[in-house]
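> what follows is a predicted protein model with its sequence.
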Amino acid sequence: EPEVTQTPSHQVTQMGQEVILRCVPISNHLYFYWYRQILGQKVEFLVSFYNNEISEKSEIFDDQFSVERPDGSNFTLKIRSTKLEDSAMYFCASSLSGRGSGELFFGEGSRLTVL
Amino acid sequence: SQQGEEDPQALSIQEGENATMNCSYKTSINNLQWYRQNSGRGLVHLILIRSNEREKHSGRLRVTLDTSKKSSSLLITASRAADTASYFCATEIFNAGNNRKLIWGLGTSLAVNP
């Protein structure tokens, strides 16, 4: 069964360092998303991406965050200068269809720890 | 309460019993989805119910949606120890643009004791 894969599964970094989280969405999917879950808190929407551009982003997704689909298969989330409060599990998701139909498929997540 | 609030926060039952989890929300929705998360693992989609549907089944799962009360329930029948996980509801809200944005609750932590 096709699945969304994420790497790394866990990354530890120092505050102020750049981090890139990688995702390989399901191959025929067209819509891509990043969500995050701070320990003990709700899953939060970060950004959605379609047709090589951001469709929507949340207030969390400030100038320190960026997304890219560099090669047609990977979908990356970059945090330029990490802060302690960026420590969270980051989930990538993809879907075949847009608004209101079908399911989102999530990866296993990348746990980011900022020291 | 915020969009997508589950109750109870924690539920402990014996294997074979049924587990019922509820979710309430505030705004009009396009659909409501239930997800499962094993500890430290990814989010697994269980079932999606559209705003014009009232009930949906998938195996041992039964989901209801009452848009007049802005609430949904997830029933797991004949629970098994392997059902132990956190269960989240997520609402998809009508939104401008062609994207999928889910608003999540805090989840219900279900423990099924053998």
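Cool, got the structure. Keep in mind it's a predicted model, so treat the numbers as computed, not measured.
> only C-alpha atoms from now on, for both contacts and neighbour counts.
OK.
> so where is chain B shaky, pLDDT-wise?
Scanning chain B for pLDDT under 70 picks out B:1-4, B:94-100.
> hmm, I typed the wrong one, I wanted chain A.
For chain A (pLDDT under 70), the answer is A:99-101.
> what's near enough to touch the closest residue to chain B within chain A?
In chain A, the residue that lies nearest chain B is residue A:108 (3.8 Å; CA to the nearest CA). Contact partners of residue A:108, counting by CA atoms under 8 Å, 6 or more residues apart in numbering or on different chains, are A:4, A:5, A:6, A:9, A:91, B:41, B:42, B:43.
> could you do residue A:30 as well?
So residue A:30 contacts A:50, A:51, A:94, A:95, A:96, A:97 (CA under 8 Å, 6+ apart).
> swap in 6 Å and give it another go.
Contacts for residue A:30 (CA atoms under 6 Å, 6 or more residues apart in numbering or on different chains) come out as residue A:96.
> not including adjacent chain positions, what is the nearest residue to whichever residue of chain B sits closest to chain A?
In chain B, the residue that lies nearest chain A is residue B:42 (3.8 Å; CA to the nearest CA). Once flanking residues are discounted, residue B:42 sits nearest to residue A:108: 3.8 Å by CA to CA, 6 or more residues apart in numbering or on different chains.
> run a quick neighbour tally on residue 75.
Picking chain A for this. 23 (other CA atoms under 10 Å in any protein chain shown).
> the chain in question should be chain B.
With other CA under 10 Å as criterion, residue B:75 counts 17.
> before we move on, what about the one 3 residues further on?
Summarising burial for residue B:78: neighbours were counted as other CA under 10 Å, giving 14.
> that one: which element?
Under DSSP states H and E, no helix or strand contains residue B:78.
> a strand runs through the residue of chain A closest to chain B, doesn't it?
No - under DSSP: H, G, I helix; E, B strand; the rest coil, residue A:108 falls outside any strand and is assigned coil.
> I'd like to know how far it sits from residue A:36.
Going from residue A:108 to residue A:36 by CA to CA, to the nearest Å gives 12 Å.
> and the helix or strand hosting residue B:111, what does it pack against?
If you go by DSSP H and E, residue B:111 is part of strand B:108-113. Strand B:108-113 sits against strand B:10-14, strand B:85-92, with contacts defined as 3 or more CA pairs under 6 Å, 6 or more residues apart in numbering or on different chains; DSSP states H and E.
> tell me where chain B has strands.
All strands of chain B, identified by DSSP state E, fall at B:5-7, B:10-14, B:19-24, B:31-37, B:43-50, B:55-58, B:61-66, B:71-76, B:85-92, B:102-104, B:108-113.
> same check on chain A?
For chain A, the strands defined by DSSP E occupy A:5-7, A:10-13, A:19-24, A:31-37, A:43-50, A:53-57, A:65-68, A:75-79, A:88-95, A:105-106, A:110-114.
> give me whichever of these is most buried.
Counting by mean count of other CA atoms under 10 Å in any protein chain shown, strand A:88-95 has the highest mean neighbour count of those, with a mean of 26.
> restrict it to CA atoms and write it as PDB.
This file holds the C-alpha atoms of strand A:88-95, laid out as PDB (Å, rounded to 0.1, in the frame of the first residue of the first chain):
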ATOM      1  CA  ALA A  88       7.400  19.200  18.100                       C
ATOM      2  CA  MET A  89       6.400  16.300  15.900                       C
ATOM      3  CA  TYR A  90       6.000  17.400  12.300                       C
ATOM      4  CA  PHE A  91       3.700  15.500  10.100                       C
ATOM      5  CA  CYS A  92       3.600  15.600   6.300                       C
ATOM      6  CA  ALA A  93       0.400  14.600   4.500                       C
ATOM      7  CA  SER A  94      -0.700  14.300   1.000                       C
ATOM      8  CA  SER A  95      -4.000  13.900  -0.800                       C
END
